[in-house]
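1. I'd like to go over a predicted model; first the sequence, then the structure.
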Amino acid sequence: MMLRYPGALALCIVLLGVTQPTFAQPPADFAICAACHATQPDKSSFGPNLRGVMGRKAASLPGYAYSDALKASGVTWNARTLDTWLTGPQAMVKGTRMPFAGLPDPARRQRLIAYLATLR
């Protein structure tokens, strides 16, 4: 098969490689998270930075006073573990220091998780 416009294809590939990804707007519920967590690269706050949280081992960012319970939890953050965590951190990891009662609405949790997945 012969390409009709190999130059256009090459340009698209180059442009895809140099463009910065755009991130979704945070859902309204993220304001609760943003009170303690940063999302910008190299920024810190009271709680750990949430950029790159998907796939990260819990209690693994340096510089935070994680509870022994969270350090020992063995949790790796993914959609399932974040859903459980956002439902009720204390129910998931007894003894965590996260001062958040939980978000009972599954749709609201899923919007938060989808947003967190964009923060790479």
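-> Nice, I can see it.
2. Spatially nearest residue to Ala101 (excluding sequence neighbours)?
-> Counting by C-beta to C-beta, 6 or more residues apart in numbering, Gly88 is the residue found nearest to Ala101 once chain neighbours are left out, at 7.3 Å. C-beta: built from backbone N, CA, C; applies to glycine.
3. ok, the closest residue in space to Ala117 that isn't next to it in sequence - contacts?
-> Closest residue in space to Ala117, ignoring its immediate chain neighbours: Met54 at 5.3 Å, by C-beta to C-beta, 6+ apart. Contact partners of Met54, counting by C-beta atoms under 8 Å, 6 or more residues apart in numbering, are 77-79, 82, 116-117, 119-120.
4. Run a quick neighbour tally on the residue nearest to Ala101.
-> Per other C-beta atoms under 10 Å, the neighbour tally for Gly88 reads 15.
5. I figured it hits Thr96, correct?
-> No - Gly88 is beyond contact range of Thr96, at 10.1 Å (criterion: C-beta atoms under 8 Å).
6. how near is the closest residue in space to Tyr66 that isn't next to it in sequence to Thr96?
-> Spatial nearest neighbour of Tyr66, excluding adjacent residues (C-beta to C-beta, 6+ apart): Ala59 at 3.8 Å. Per C-beta to C-beta, to the nearest Å, Ala59 is found 9 Å from Thr96.
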